[in-house]
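1. structure, please.
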Amino acid sequence: MRRRKILLGILALFAIFAIGIGALYADWVGFPRKIAGHWVHPDVTWYWTWYPPRGYPYPGIVQYAYTDEHGREIKHGPLVERGVRGNSVVVSRTGFYLEGQPHGVFTEYQTYWGTKLKETRYDHGKQQSVTYYPLPNLK
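-> Presented below is the predicted three-dimensional model:
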């Protein structure tokens, strides 16, 4: 009876651990999903914050893609690029691709202050406008 309770406790801990790992994976990388009519998968480029053992890996570039009938990867869905500021990871660029072409607003961030530097608007791969933002004062 006691052995059975210990075994159930260990199984419960493994189940909680597996659910936690799945939640972290879904938050950091993501599972395949349907975006604008295509099933896409995450294409993640991992970087290190510093040299091991002090550093840790982080998803530097996360974008979604699907494979066409010729076996080529076509960008389709959100794009998030991250950089390092000190010991923390910050967003440096965001955007969206629609069937391999930039679509919507691409925003670039200054990684030190975390402020917007530039917004570029696209419509099915054609650049519509560019807006620049001033850097904060260094006082």
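
2. give the partner strands of the longest strand along the chain in its sheet and their orientations.
-> Across the chain, the longest stretch assigned as strand under DSSP state E is strand 73-85. Using DSSP bridges, the strands paired with strand 73-85 in its sheet are strand 57-67 (antiparallel), strand 88-98 (antiparallel).

3. tell me how the protein divides into domains.
-> 1-31, 32-132 (automatic domain parsing).

4. now the last one: how far from the chain's centre is it?
-> Between the centre of domain 32-132 and the centre of its host chain there is 6 Å, according to C-alpha atoms, centre = their mean, to the nearest Å.

5. what about dumping the CA coordinates of the longest strand of the chain to CSV?
-> Included here for strand 73-85 are C-alpha records, laid out as CSV according to Å, rounded to 0.1, in the frame of the first residue of the first chain:
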residue,chain,number,x,y,z
GLU,A,73,10.5,26.7,-46.6
ILE,A,74,8.1,29.7,-47.1
LYS,A,75,8.0,32.3,-44.3
HIS,A,76,4.4,32.7,-43.2
GLY,A,77,3.3,34.2,-39.9
PRO,A,78,4.8,36.3,-37.1
LEU,A,79,8.5,37.1,-36.7
VAL,A,80,10.2,38.0,-33.4
GLU,A,81,13.9,38.7,-33.2
ARG,A,82,15.5,39.1,-29.8
GLY,A,83,18.8,40.5,-28.6
VAL,A,84,20.7,40.7,-25.3
ARG,A,85,20.8,43.8,-23.1
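
6. about what we covered before: out of the domains of the chain, which is the most enclosed?
-> A comparison of the domains of the chain by mean neighbour count, using mean count of other C-beta atoms under 10 Å, puts domain 32-132 on top with a mean of 15. (Each C-beta comes from the backbone N, C-alpha and C, glycine too.)
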